[in-house]
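Trainee: return a 3D structure for these sequence lines:
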Amino acid sequence: MAKEAEPRKHHYVPQYYLRNFVGEKDMLLVFDRQTKEPYRSKPHGVAAQRDFNRIEVEGLEVNAVEKLMAEFEGETAPHLTNVIERMSLADEKDRSAIVNLMAAMTIRNPKRRKEMSGAMDRATRHLLGKTERYDAYVAKMKAAGKQPEFSLRELRNELKNTNFAPSKEGIMAAEIDQHDHVTELLWNKKWQVMVASDDSGGFVTTDDPVTIRWTDGQEHADRPGIADPNSEIVFPLSTMLTLRGRPEGAEGVVTADAAMVAEINDQIIAGASRQVFAYNHSFKFARGEEQRSGATLNQDEQFLQQKKPAGDSKVVALKAN
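Mentor: Residues are numbered from 1 along each chain as shown. Here you go, the predicted model:
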């Protein structure tokens, strides 16, 4: 019997999570910034990338990380079900599983990997091109009775043409290093379970479902990070439930009326890398004081042409102050 091929399609948003947003025939309604036309898909067909978790490390199986992620998802899935059914994070095991799930999805994302790669490349380039580092090189050459082999300008020109982006495996190692710190920050938030009112149309989710925003709910020149003391987290759990984590305040269950659900959906949609997922068109999203129908999202210019503030990156934002 032929050996079954290893899976090459790796999900960065777990399918068991997305199933809490499916509608008719267990399908998601997908809004895509690039294709613009909404379509239906099973959770298996979205939020995935070929070989996303595949590694090339001597002594390790190429799908070792993917298998570990499958185990992680198997452990966290029952706790997500518990939280949805109980509408509570009071159980410490449930809370631990959910904050770990949020941390994993915050860090492990194609957009985040691209941002992290660019940030590490720029940091290395900047460090090597610093004047004091070049001066130290010149002093060392002169102490050895030699002349510098290149000028600072030549060095910087060379740096412009050199790629210092880390390997995929290097980025994945950084993701692992950040996980516990991010989990701790999320654990320490004060969490409310927000229940959508029956007339609201419910919550949506996205291919980057952990949304970080300022506690005042206003637009700023940049976006906060998880470590920012003035940040709050919005994480949809299902069509009818969303978690909101704040730096202080009471924990518990809060009913979200139609206006609040529309405002929260606006924030969730704004955080999407590319795709928004809903069970049908009945959800609402806010545009100022107006509540717009989900049926219009694929025509909404703010969604289709969204540009985030320069420097917007959860990677940088994850660093503690």
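Trainee: mind listing the helices for this protein?
Mentor: 15-18, 64-86, 92-107, 110-128, 131-143, 152-160, 168-187, 258-270, 301-304, 314-317 (DSSP state H).
Trainee: any chance of CSV for those helices, columns mean pLDDT and distance to Lys36?
Mentor: Placement of C-beta: from N, CA and C, glycine included. Formatted as CSV, those follow (pLDDT from 0 to 100; distance: least, CB to CB, whole Å):
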stretch, mean pLDDT, distance to Lys36
helix 15-18, 98, 21
helix 64-86, 95, 31
helix 92-107, 96, 25
helix 110-128, 80, 19
helix 131-143, 83, 48
helix 152-160, 76, 36
helix 168-187, 92, 30
helix 258-270, 96, 14
helix 301-304, 92, 6
helix 314-317, 41, 26
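Trainee: ok, and the closest non-adjacent residue to Ile98?
Mentor: Val83 (5.9 Å; CB to CB, 6 or more residues apart in numbering).
Trainee: do I have it right that the one you found meets Ser96?
Mentor: No - if you go by CB atoms under 8 Å, Val83 and Ser96 don't touch, sitting 11.2 Å apart.
Trainee: among these two, which residue is more densely surrounded?
Mentor: Neighbours were counted for Val83 and for Ser96 using other CB atoms under 10 Å; Val83 has more, 23 against 15.
Trainee: just send the helices of the chain back as a markdown table, with distance to Pro236 too.
Mentor: Below are those laid out as a markdown table (distance: least, CB to CB, whole Å):
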| stretch | distance to Pro236 |
| --- | --- |
| helix 15-18 | 9 |
| helix 64-86 | 11 |
| helix 92-107 | 11 |
| helix 110-128 | 18 |
| helix 131-143 | 46 |
| helix 152-160 | 42 |
| helix 168-187 | 15 |
| helix 258-270 | 6 |
| helix 301-304 | 17 |
| helix 314-317 | 17 |
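Trainee: among those, which comes closest to Pro38?
Mentor: helix 301-304 (11.4 Å; CB to CB).
Trainee: report the distance from the closest one to the chain centre.
Mentor: Distance of helix 301-304 from its chain centroid, counting by CA atoms, centre = their mean, to the nearest Å, is 20 Å.
Trainee: then stretch 258-268?
Mentor: Taking mean C-alpha positions (CA atoms, centre = their mean), stretch 258-268 and its chain are 19 Å apart.
Trainee: what's the distance between the residue nearest to Ile98 and Ala97?
Mentor: Computed as CB to CB, to the nearest Å, the Val83 to Ala97 distance reads 8 Å.
Trainee: also Arg108?
Mentor: According to CB to CB, Arg108 stands 16 Å off from Ala97.
Trainee: for Ile171, same thing?
Mentor: From Ile171 over to Ala97 (counting by CB to CB), the distance is 25 Å.
Trainee: ok, now Thr255?
Mentor: From Thr255 to Ala97 the distance is 25 Å (CB to CB).
Trainee: who has more neighbours, the two?
Mentor: Ala97 (21 against 11).
Trainee: can I assume that one is in contact with Glu73?
Mentor: No - if you go by CB under 8 Å, Ala97 and Glu73 don't touch, sitting 10.4 Å apart.
Trainee: quick one: low-confidence parts of the stretch 201-321 of the chain?
Mentor: Applying pLDDT under 70 to the stretch 201-321 of the chain flags residues 307-321.
Trainee: can you pull the contacts of the residue lying closest to Thr76 once chain neighbours are set aside?
Mentor: Spatial nearest neighbour of Thr76, chain neighbours left out: Ala97 (4.4 Å); criterion: CB to CB, 6+ apart. By CB atoms under 8 Å, 6 or more residues apart in numbering, the contact list for Ala97 reads Glu75, Thr76, His79, Leu80.
Trainee: farthest pair within these?
Mentor: Glu75 and Leu80 (10.5 Å).
Trainee: Thr206: which of the helices of the chain is closest?
Mentor: helix 258-270 (6.0 Å).
Trainee: what residues of the closest one count as buried?
Mentor: Met260, Val261, Ala262, Glu263, Ile264, Asn265, Asp266, Gln267, Ile268, Ile269, Ala270 (16 or more other CB atoms under 10 Å).
Trainee: can you check stretch 209-219 too?
Mentor: Pro209, Val210, Thr211, Ile212, Arg213.
Trainee: quick one: terminal-to-terminal distance for it?
Mentor: Counting by CA to CA, to the nearest Å, you get 19 Å between the two ends of stretch 209-219.
Trainee: the spatially closest residue to Ile107 that is not a sequence neighbour and Pro229: what is the separation?
Mentor: Spatially, and ignoring its direct neighbours in sequence, Ile107 is nearest to Glu175 (4.8 Å; CB to CB, 6+ apart). Counting by CB to CB, the gap from Glu175 to Pro229 is 24 Å.
Trainee: between the two, tell me which one has more neighbours.
Mentor: Taking other CB under 10 Å, Glu175 and Pro229 do not tie; Glu175 has more neighbours (21 against 9).
Trainee: give the contact list for the more buried one.
Mentor: Taking CB under 8 Å, 6+ apart as the definition, contacts of Glu175 comprise Ile107, Arg108, Met116.
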